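>>> Take a look and give me a structure for this.
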Amino acid sequence: MAEIRVLIVDDEEPARLVIKKYLQSHSDMVLVGECSNGFEALKRIQQAQPDIIFLDIQMPKISGFELLELLDEKPVIIFSTAFDQYALKAFEASAADYLLKPYSQERFAEAMNRARLFLLDRTEHDQALNSLVLRREQETEYLSRIIVKDGSKIQILPVEKLLRLEAQDDYVMLFTEHGTSLKKKTMKFFEQHLDSKEFVRIHRSHIIRISFIRQIELFGKESYKVTLKDGTRLPVSKSGHARLKQMLE
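Take a look at the predicted model:
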């Protein structure tokens, strides 16, 4: 096999040093960079095009899972963390591999051997990552922020700034007072992960912040429109009107 490009993403320098030390025993592995946070990592991934990423899960600014979500084409991922509650999730999803800190050189070698196999056939690895993302999306905790990628830049959007959302093909347009951002997610995901006391889905294409409503008006027979505080007028479906009525009673 040709040389394998490796990137380390971990906010702890000792953890990065361990990986670099263990990599010295693998002559086919070439280190193309190390990053201490997800902002650096996204830029480096785009520049270096690594084959394998050692990815810490708990990091400041953005987590390993949030970084993973931003990647259109994912390298082989070896998760590395000290928090074993995530190990079970990764293991159950058959992720490329999972290194629970501290780990031995032998355990590291096992992970590298498995990563080499995945580089030859990505099918199982990609299915595992897709399964992992799906499992996390099925978790019911409400979002406090949304991570959005714009080229090589990452924007952290606090949910408290979010006014409304609109379906845009495979993306969702997020609206705040300061502009718009596109996120590759589904409306169903946001409907499930935004606090139902603050947001309501009024239409298959629209979710709005309840406090951003100015008025609701009848528009034709059993048809409604909602006017928002910025003057935007949006259609309200029959089921959306029922949800609105329940929320506003």
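>>> Tell me where the model's unsure across this structure.
For the chain, the stretches flagged by pLDDT under 70 are 1, 84-96, 139-140, 152.
>>> tell me the domain ranges of it?
The chain breaks down into these domains under automatic domain parsing: 4-137, 145-248.
>>> what distance separates the start and the end of the last one?
Across its full length, domain 145-248 reaches 25 Å between end residues, using CA to CA, to the nearest Å.
>>> hang on, the earlier thing: among the domains of the chain, which is the most enclosed?
The highest average neighbour count among the domains of the chain, using mean count of other CB atoms under 10 Å, belongs to domain 4-137 at a mean of 17. (Glycine included, C-beta is placed from N, CA and C.)
>>> Run a quick check on A82 versus L100, I expect a contact.
Yes - using CB atoms under 8 Å, A82 is in contact with L100, at 7.2 Å.
>>> Please tell me how far Q49 sits from E177.
Counting by CB to CB, to the nearest Å, the gap from Q49 to E177 is 37 Å.
>>> cool, and S36?
S36 is 32 Å from E177, where distance means CB to CB.
>>> what's the answer for R209, then?
Distance, R209 to E177, using CB to CB: 11 Å.
>>> residue closest to the middle of this structure?
E69 (3.2 Å; CA atoms, centre = their mean).
>>> element containing the residue in the chain sticking out farthest from the centre?
Centroid-distance maximum for the chain: K221 at 41.4 Å, with CA atoms, centre = their mean. For K221, there is no host helix or strand (DSSP states H and E).
>>> now Y98
For Y98, the enclosing helix or strand under DSSP H and E is strand 97-100.
>>> Given that strand, what are its sheet partners and their directions?
For strand 97-100, the paired strands and their directions (DSSP bridges) read strand 76-81 (parallel).
>>> Check which helices and strands the next helix or strand after the strand holding Y98 is in contact with.
Next along the chain after strand 97-100, taking DSSP H and E as the criterion, comes helix 105-120. Using 3 or more CB pairs under 8 Å, 6 or more residues apart in numbering; DSSP states H and E, the elements in contact with helix 105-120 are strand 4-9, helix 13-23, strand 76-81, strand 97-100.
>>> out of the ones you listed, nearest to K245?
Proximity to K245, assessed across the helices and strands packed on helix 105-120 by CB to CB, is greatest for strand 76-81 (45.2 Å).
>>> Can you tell me what sits against the closest one?
For strand 76-81, the external contacting residues (CB atoms under 8 Å, 6 or more residues apart in numbering) are 10, 15, 19, 51-58, 64, 68, 86-87, 90, 95-101, 103, 111, 115, 118-119, 122, 125, 129.
>>> so that strand versus strand 4-9, what angle?
Compare the direction of strand 76-81 with that of strand 4-9 by axes from the mean of the first three to the mean of the last three CA atoms, to 10 degrees and you get 30 degrees.
>>> could you dump the helices and strands packed on helix 105-120 to CSV with distance to G240?
Formatted as CSV, these follow (distance: least, CB to CB, whole Å):
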stretch, distance to G240
strand 4-9, 41
helix 13-23, 48
strand 76-81, 39
strand 97-100, 42
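>>> quick one: which of those is nearest V148?
Per CB to CB, nearest to V148 of these: strand 4-9, 19.1 Å.
>>> strands paired with that closest one, and their directions?
strand 29-35 (parallel), strand 52-56 (parallel).
>>> orientation of it relative to helix 13-23 in degrees?
When the same axes, to 10 degrees is applied, the directions of strand 4-9 and helix 13-23 differ by 170 degrees.
>>> let's have the chain start at 610 instead
New numbering, starting at 610: the last item is strand 613-618.
>>> residue boundaries of the helices in the chain?
Counting by DSSP state H, the chain has helices at residues 622-632, 647-657, 673-679, 693-701, 714-729, 732-746, 796-802, 847-857.
>>> Just send these back as JSON lines, with distance to H812 too.
Output for the helices of the chain, formatted as JSON lines (distance: least, CB to CB, whole Å):
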{"stretch": "helix 622-632", "distance to H812": "47"}
{"stretch": "helix 647-657", "distance to H812": "33"}
{"stretch": "helix 673-679", "distance to H812": "26"}
{"stretch": "helix 693-701", "distance to H812": "34"}
{"stretch": "helix 714-729", "distance to H812": "42"}
{"stretch": "helix 732-746", "distance to H812": "22"}
{"stretch": "helix 796-802", "distance to H812": "9"}
{"stretch": "helix 847-857", "distance to H812": "5"}
